[in-house]
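J.: Okay, predicted coordinates and the sequence, questions at the end:
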Amino acid sequence: MRPYRNVSDLELETLGAVREWNKEFLLSLTLPSKILWIHSTREKFHRLDPLDSCLVRTITLEKIQGDVIKTDFGNYSLDTGKNLFYACGCKKFCDCYGQLYLLKNQSKIFH
């Protein structure tokens, strides 16, 4: 399990994703592949729909380079699926606030 939760198990099930991060599974994917991104502090944006595309989106995993996951929406840790950088403080919905979740079915796409 990851140290913090920004999404319920029921929501993850509905989105077709799993909570557990499995880097071996990730490494076995054919690239490019889809992966779920969820804003790390989405509960702070309670005025938005919790599934707003600013807070939850499917992104494309483009390549894995060493310990870095490269996507079309920023770079993430291969070990944790979390963003590589500390929050930049821009108060926008940028990749510096996100974490990745593996999709059970790689053909499931959610925008």
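T.: Sure thing, it's come through.

J.: Can you name the helix or strand that residue 64 falls in?
T.: strand 56-65 (DSSP states H and E).

J.: Name the surrounding residues that touch stretch 16-28.
T.: Here stretch 16-28 makes contact (C-beta atoms under 8 Å, 6 or more residues apart in numbering) with 1-2, 9, 12, 36, 61, 64, 69, 78-81, 100-105, 108, 110. Glycine gets a C-beta too; all of them are placed from N, C-alpha and C.

J.: on that earlier part again, quick one: strands adjacent to the strand holding residue 64?
T.: Strand 56-65 has the following sheet partners, assigned by DSSP bridges: strand 33-39 (antiparallel), strand 68-71 (antiparallel).

J.: Only the C-alpha atoms, please, for the first one, written as CSV.
T.: Just to be clear, that refers to strand 33-39. The C-alpha trace of strand 33-39 is given here as CSV (Å, rounded to 0.1, in the frame of the first residue of the first chain):
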residue,chain,number,x,y,z
SER,A,33,0.3,2.3,-22.7
LYS,A,34,-2.4,4.0,-20.7
ILE,A,35,-2.2,4.7,-17.0
LEU,A,36,-4.4,6.5,-14.5
TRP,A,37,-3.3,9.8,-12.9
ILE,A,38,-4.9,11.2,-9.8
HIS,A,39,-4.2,14.6,-8.3
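
J.: Where does pLDDT dip in this structure?
T.: Screening the chain residue by residue with the criterion pLDDT under 70, one finds the ranges 1-5, 85-96, 106-111.
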